[in-house]
Every structure is written in structure tokens, then in C-alpha cells.
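Visitor: Sequence and predicted structure, then a few things I'm wondering about:
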Amino acid sequence: MEFLVTMTTHVPAGTLDESVNDVRAREAARSRELAAQGHLARLWRPALKPGEWRTLGLFAADDERQLEKVLASMPLRVWRSDEVAALSPHPNDPGPAPTTPDHGPGTEFLIAMTIIVPEGTPDHVVQETTSREKQCARELAGRGRLVRLWALPGRPDGRRTVGLWRARDAAEMTAVLESLPVYDWMTIETTPLTEHPNDPAAFNAAASQHS
């Protein structure tokens, strides 16, 4: 199973910088271990306010119990609270990306979508739009714009989704979303992502450069 984890860290007031640096160094080492074990796929930083520590992580585990053991093994957990969202397969998901993806320059975005079909929409319109959406997803994946796509819990029809997308900038990302066949049926929450120093993708990219 895959899980999206929002990790928020609050360092207690008065904690010595030496202690903070030690925990962060051990966190980096543990992140590399979890990546090697297949439990940690990606880490990102969303836009942060001054003094805020928040990380988004894509994890893999057999179930929520194993995930909790993984999260509890991370040194920063002593100062951190975690919010877990279980992810389900989506039929339009391109599948796991290569360990060292090369999509060119750009920004990654985490985009949550809620799709509500207007009441009274004929079935054939829904089916045609869904078919065009699937084809569009394949095309966008081929262009490196759609990286991953998951269904969120609570809507068995798959109408709540979260996706990892990539674009040159926010303007292009908006244009990509507006091109989706179901755009007029969607409400969207977009989170621009920045690089995290412990992201396994960064480890893999560095390793490939030295191989």
C-alpha cells in the first residue's frame, strides 16, 4: 500500500542547535535506509512560513501498522506529528516513475481534485468524458506532466483523487489542468512542491552521476 504522510515538526524552545543538527543528520541517514528498504519513495517540502517545518512524504508499507513502525523509527518523530492518508490505485495512474526520472526543468505540484458530475448529465456524456479523460491522462504522462495519480479514501467511485504533476511553472500547470476533459466538474487544491534534501530521488540522481 502507498500512503501520503504530512509531517509537521515543532522543535521545543531552547533546544540546542547541536541537538537539532544531530537529529537531522540521523534523520537523513534513516531516510536513506528506508528508501533502500522500499518504504520511502519521495519527500517534498510544500511552501513554508518562516520557522515552519513541514514535509510531505510518499511511503509504502503492507498496512497502517507497519507504516506506523516505519514512521516511529525516524529520529525527527520525537518532535513531529504525522497525518496519514491511505492511497488507493487509480485506473489512470501512469505507475511508479523511474528511480531517476528526467523530465527536464520544472516544478512538481501535488494536486487534490474532487470531481462532481452535474446532476442530470446524460450517462453517455459521462462515459465519453471519462474515456477522453483516460486518453488525456496517458498523453500527459507521456509528456512528463502527470507523474502519479491515486484515488483518495471515502469515495469508492474514485471521484476524489490526488496526483503528482510536473510543469515548467504555475502558469503551465494551470493550462494543463484546464485542458482536462473533466475540468468543469472539478474543484482543485494545488500545492507547489520544493526539493527536500532527504528525497530518495535526489539520492538516486546523485548516485547515477557518480556511477
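Guide: Nice, I can see it. The structure presented is a predicted model; accordingly, all values stated were derived computationally and were not measured.

Visitor: A helix includes Asn21, no?
Guide: Yes: counting by DSSP: H, G, I helix; E, B strand; the rest coil, Asn21 is located in a helix.

Visitor: Model confidence for it, exactly?
Guide: We have a pLDDT of 94 for Asn21.

Visitor: Now do the contacts for it.
Guide: With contact set as CB atoms under 8 Å, 6 or more residues apart in numbering, Asn21 has no partners. The way it works is simple: take the backbone N, C-alpha and C, and place the C-beta from them, glycine included.

Visitor: swap in the one 3 residues further on?
Guide: Remark: with contacts taken as CB under 8 Å, 6+ apart, Arg24 is in contact with Leu76.

Visitor: Can I get whatever helix or strand it lives in as PDB, trimmed to CA atoms?
Guide: Assessed by DSSP states H and E, Arg24 sits inside helix 17-36. Only the C-alpha atoms of helix 17-36 are listed here, as PDB (Å, rounded to 0.1, in the frame of the first residue of the first chain):
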ATOM      1  CA  ASP A  17      21.400  23.800  17.700                       C
ATOM      2  CA  GLU A  18      23.900  20.900  18.200                       C
ATOM      3  CA  SER A  19      21.000  18.700  19.200                       C
ATOM      4  CA  VAL A  20      18.900  19.800  16.300                       C
ATOM      5  CA  ASN A  21      21.700  19.100  13.900                       C
ATOM      6  CA  ASP A  22      22.400  15.700  15.300                       C
ATOM      7  CA  VAL A  23      18.700  14.700  14.900                       C
ATOM      8  CA  ARG A  24      18.600  16.000  11.400                       C
ATOM      9  CA  ALA A  25      21.700  14.100  10.400                       C
ATOM     10  CA  ARG A  26      20.300  10.900  11.900                       C
ATOM     11  CA  GLU A  27      17.000  11.600  10.100                       C
ATOM     12  CA  ALA A  28      18.800  11.900   6.700                       C
ATOM     13  CA  ALA A  29      20.600   8.600   7.400                       C
ATOM     14  CA  ARG A  30      17.400   6.800   8.300                       C
ATOM     15  CA  SER A  31      15.600   8.200   5.200                       C
ATOM     16  CA  ARG A  32      18.300   6.600   3.000                       C
ATOM     17  CA  GLU A  33      17.800   3.300   4.900                       C
ATOM     18  CA  LEU A  34      14.000   3.400   4.400                       C
ATOM     19  CA  ALA A  35      14.400   4.200   0.700                       C
ATOM     20  CA  ALA A  36      16.700   1.200   0.300                       C
END
